[in-house]
Structure formats: C-alpha cells, structure tokens
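Novice: task: produce atomic coordinates for the following.
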Amino acid sequence: MCGIVGIVSSGPVAQQIYDSLGLLQHRGQDSTGIATADGSTIHMHKARGQVREAYRTRDMRALLGTTGLGHVRYTTRGDAKKEQESQPFYVNAPYGIVLVHNGNLTNVRELTEELFTRDRRHLNTSSDTELLVNVLANELQAQVRGASLDPDQVFDAIETLHQRVEGSYACIALIGGEGLLAFRDPFGIRPLILGKRSEGLVGTEWIVASESLVLENSDYEIVRDVRPGEAIFITRSGELYSRQCAANPRLIPCSFEYVYLARPDSIMNGISVYEARLRLGDRLADTIARHTPSGDIDVVMPIPDSARPAAMQVARRLGLEYREGFYKNRYVGRTFIMPGQEQRRRSVKQKLNAMGSEFKGKNVLIVDDSIVRGTTSREIIEMTRSVGANSVTFTSAAPPVRYPHVYGINMPSRQELVAAGRTIPEINRELGSDHLVYQEVADMEAAIIEGSDVTALEMSCFTGDYVTGRVTEEYLSWVEANQLS
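Specialist: Now for the predicted structure:
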C-alpha cells in the first residue's frame, strides 16, 4: 500500500505534488519522493520519513518544471531503512524515465532473471519498483521509432509489459521531455483515478492519483478511474491519449482498500468508501444479532477512525447506545503499517487511551475494521478490562484474515496472522475477549459492491483465492522465508 500522484500543469508543479502527498500520507509513512521535469531535465528529491519532515525550502525550490509525480511509501518489498529503495526510481534511457508504483509484483524472481540474462539490465535494490521501471524502459526502447515519441509506441510498450509482469501495479511514469504516463494492472487491484481542471486560457491541467480526495481537494474534476489494463499518456502540452493495453482486463479491486486503507472521503471504482463502511456495519449487525446473547451488550464503541462508520450502523440497527470511549492520539502513525510486532504493541497505548467513565461496569461491544495480527486487538481488550468494563465483545467489520496478502499489503506471513489455522473460538481465547464476532465473507463483498458496476473483489487474504498467476504454495513459502529472514 503506497500513495502516488502525477500532475501535468500549466505552472510550477512541485507544491501541488507536495500538498497531494500530504493528503495521501495515510497510505505510507516510511519514505517519500517527488520528481519533476523541466523540459528534458529531471529533478528529484526523496527521503525517509513523512512528507512534512522530508522536504525543506531548498528541496522544493530545486524541483523545477510543470510536470511531475510523487510517492509516499509503505514498505511491502525491500528494506524500509534503505533510502535508495525509496521511490521514485529512475533510468536514463530511453529519454530518462522516472516511475512510482503502488502494489506488489508476484513474479519478481522470473523478472529479475530475465532482466539480467536477456535484457542485460542491472538492478541496485530488491525493490519491485526498480524491476518495473527497467521492464518499462526495455520495452519502450524496443518500440521507439524515429525522432519523436508517438503515443502508440508507449502503448505498445505497455502491452508487452502486461505480458511480462504479474501482480498488482498502479503506476505513474515521467518520461523526460515527453509527458506523463499512467497505467494499471489488468485486474485493477490497486486504485488510480484521473482528474482535470481548466486554467483560463492556458488549457487543461491533468492529475492522476491513488484516491479521489486528492482531486477534490485541489479543485480537479473527477473524470473517471483508470481502467484495468489501460494506459493513459499526457503530453507536456496537456494532450491526453489512452488505450486498452491488456488482452483480457477485468476489474477486481482490493477489498482491503474499502475495509481499512483508503480515507473515508474517497471514491474508488465508483464506490464511496464511507458508504461501503456503513453497509459493512449493517451486515455486521445482523451477524452479531445471530451470535451474541440478547441483552449482553450495553454500549457500542468503535476503534477510531476506520471503524467508526461501521460501529455507528451496528449501534443503530441493534438499538444500542453508541459512545466514543477511546481517544486517539493523532500524532502516532497507523499501527497496522508499522514494521515489527514489538513496535506495534508499544504504539497501541501511545495511540489509544480508554476513558474509564465510559467503560466502568458496562458490557461493551467494540467494533474494529479488521483483525490482522491480533497485537492491537489484544492490547485494546486488556485496556478495556483495566478501566472497569464488565465484559468485552470484540467484533470485526472484515472476515478473519487467514492467508497472506501478496498484492501490496504487509501481510506476507501466515505465522503472523492470528486467524491462520485457528477457529473463531480459538481466536477468541487468544485475544482474551468474552465474545468474538467476524463479518462473513459474502456479506463483506455484498456490502462493498452494492450499487456499483463492480462484480467481484480481490479477497485473497480472507479466502486464499489469488486472482493473478503464479501465486502457488511454493511462492508463498518463498515470500514468508524472505520476510522472516
């Protein structure tokens, strides 16, 4: 899970990209980077840490040009501590290409071998984004004909890239002296949204970003989502070209975007994240009513912030009091995307504080968006008891996470997943709650896609069914071994 943005503007673009990355900070806190093009000259700055920490005035002044892109990183492959693995990645031929990527490739071993032996390209990091930019450069080099770059040459290169690359990838690339390229994997697993605005007599400005809130905040009109398998090329002068570059595209977006990752004020693939979370609460309430003894709950409380819409609907449908018993320290990062179990555990108490007056002597039903490793949930349940709750019913707006996620979310190891190989009663004992209720898989899917044109979701971490090729048991074991080594 990362956040990406690309802009073709009529004026200096660096500040717009900086502001956009601030809005996408929830998607990654490890590092950030911005690249701009001033004619054929590319300027770039990247650093570890959050957006507000990474750029000084002198850095921004050096990012010249009217076309650019940016990235906030949440590490799912490579080393989060190595600044050279931060994005964007750059290759100098053809033209000079800078690329940012949200997602995860699943055939990195095969691609690495091909790039070295067949394409004769050298890699400096273990990042799959460096793989992607080299595949793109290699295929674009093979298509270049004549003195100028034709959009069809770009699209032919993306067609070949789709044939070589497997996994999830929403990408934006800056081609020096030419323009901005955006493309999405044939399943549309990770989000990418196109917007535009008119600037008086200077023509149309364009933006592509991970979430619609970036467009709305900067007064861009939402045009549409970049389609699965589609590539969009925008010239420096603002001319837009697009083509479907995949043989059999099908929209199967990641369910976890709607459950947890995206901001609630975003719309992805025609689905409002906030409204999807309300519907998740409606469905969860019905399941709670079936599995929890009547009269055993006094009050419903959310874990802020992602679970708040679902908790409100649970309380409304069950006719229970809704209260905010946990205060969130907004200066601590999201615990789910922090590296390491020990750091997550320490951060829970820094992030959340339980107000004893709301809990003392009550039978409390807690709603969280999901339960992944169980670290946060266990700490919250202990915290709830310590301030005087009579009993704790813990509920999840998502189903049990039983399988590794290989498409850009940091859940690569079954050993880390509290639900892997356990029944719900066993998970309940592991967490220490009195009752534990999960959303049903079918209910989650129905709640998210209701009223949209989306017909299926990527739900591999809940079901074990992977939509792309070569995600075998051998591959999952290799990923786990590399993660744990």
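Novice: ok, and the helix or strand in the chain with the lowest average confidence?
Specialist: Least confident element among the helices and strands of the chain, by mean pLDDT, DSSP states H and E: helix 341-351 (a mean of 60).
Novice: helix or strand right after it?
Specialist: The C-terminal neighbour of helix 341-351 among helices and strands, as given by DSSP states H and E, is strand 352-354.
Novice: each with direction, which strands does that next one pair with?
Specialist: Taking DSSP bridges as the criterion, strand 352-354 forms sheet pairs with strand 326-328 (antiparallel).
Novice: residue ranges with poor pLDDT in the stretch 351-485 of the chain?
Specialist: For the stretch 351-485 of the chain, applying pLDDT under 70 flags the ranges 483-485.
Novice: where do the helices sit along it?
Specialist: 375-386, 424-431, 441-449, 460-463, 473-484 (DSSP state H, counting those that start in this stretch).
Novice: who touches the shortest one?
Specialist: Applying CB atoms under 8 Å, 6 or more residues apart in numbering, the contact partners of helix 460-463 are 255-256, 398-407, 409, 411, 441, 444, 466-467, 471. All C-beta atoms are positioned from the backbone trio N, CA, C, and that covers glycine.
Novice: list the buried ones in it?
Specialist: Neighbour-count burial for helix 460-463, counted by 16 or more other CB atoms under 10 Å, picks out 460-462.
Novice: quick one: which of these is nearest residue 174?
Specialist: Closest approach to residue 174 among those (CB to CB): residue 460, at 31.5 Å.
Novice: and for the closest residue to residue 91 other than its chain neighbours, the neighbour number?
Specialist: Among residues not flanking residue 91 along the chain, residue 137 sits closest, at 4.6 Å (CB to CB, 6 or more residues apart in numbering). For residue 137, the tally of surrounding residues (other CB atoms under 10 Å) stands at 24.
Novice: one more: residue 7?
Specialist: Count around residue 7 with other CB under 10 Å applied: 27.
Novice: assign it to helix, strand or coil.
Specialist: strand (DSSP: H, G, I helix; E, B strand; the rest coil).
Novice: residue 455 versus residue 404, what's the distance?
Specialist: Per CB to CB, to the nearest Å, residue 404 is found 25 Å from residue 455.
Novice: more neighbours: these two, which one.
Specialist: residue 404 (26 against 10).
Novice: shouldn't residue 42 be within a strand?
Specialist: Yes - using three-state DSSP, the assignment for residue 42 is a strand.
Novice: now do the contacts for it.
Specialist: Going by CB under 8 Å, 6+ apart, the list of residues near residue 42 reads 35-36, 90, 96, 98, 174, 176.
Novice: quick one: low-confidence residue ranges for the stretch 201-350 of the chain.
Specialist: In the stretch 201-350 of the chain, residues with pLDDT under 70: 201-202, 330-349.
Novice: residue boundaries of the strands in it?
Specialist: In the stretch 201-350 of the chain, the segments counted as strands under DSSP state E, counting those that start in this stretch are 204-209, 221-225, 230-235, 240-244, 267-268, 271-272, 299-302, 321-322, 326-328.
Novice: dump these to TSV, plus distance to residue 12 and mean neighbour count.
Specialist: Below are the strands of the stretch 201-350 of the chain laid out as TSV (distance: least, CB to CB, whole Å; neighbours: other CB atoms under 10 Å):
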stretch	distance to residue 12	mean neighbour count
strand 204-209	12	25
strand 221-225	21	15
strand 230-235	17	24
strand 240-244	21	16
strand 267-268	29	23
strand 271-272	33	20
strand 299-302	42	24
strand 321-322	47	15
strand 326-328	36	15
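Novice: of these, which is nearest residue 161?
Specialist: With CB to CB as the yardstick, what comes closest out of the strands of the stretch 201-350 of the chain is strand 230-235 (9.0 Å).
Novice: elements contacting the closest one?
Specialist: helix 151-164, strand 179-184, strand 240-244 (3 or more CB pairs under 8 Å, 6 or more residues apart in numbering; DSSP states H and E).
Novice: so what's the gap between the longest one and the chain middle?
Specialist: If I follow you right, that is helix 151-164. Centroid separation between helix 151-164 and its chain, computed with CA atoms, centre = their mean, to the nearest Å, is 25 Å.
Novice: which of the buried residues of helix 460-463 lies closest to residue 166?
Specialist: residue 460 (13.7 Å).
Novice: so that closest one versus residue 378, what's the distance?
Specialist: As judged by CB to CB, residue 460 and residue 378 stand 25 Å apart.
Novice: that older thread, make TSV from the strands of the stretch 201-350 of the chain and add distance to residue 125 to it.
Specialist: Listed next are the strands of the stretch 201-350 of the chain as TSV, based on distance: least, CB to CB, whole Å:
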stretch	distance to residue 125
strand 204-209	25
strand 221-225	30
strand 230-235	25
strand 240-244	31
strand 267-268	29
strand 271-272	35
strand 299-302	39
strand 321-322	47
strand 326-328	35
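Novice: residue contacts, the nearest residue to residue 55 once chain neighbours are set aside?
Specialist: Distance criterion CB to CB, 6+ apart; nearest residue to residue 55, sequence neighbours excluded, is residue 18 at 6.2 Å. Contacts for residue 18 (CB under 8 Å, 6+ apart) come out as 34, 51, 55, 60, 70.
Novice: residue contacts, the fourth one?
Specialist: In this structure, residue 60 makes contact with 14-15, 18, judged by CB under 8 Å, 6+ apart.
Novice: and it, that's in a helix?
Specialist: Yes - assigned with three-state DSSP, residue 60 falls within a helix.
Novice: since that was my last question, I'll sign off now.
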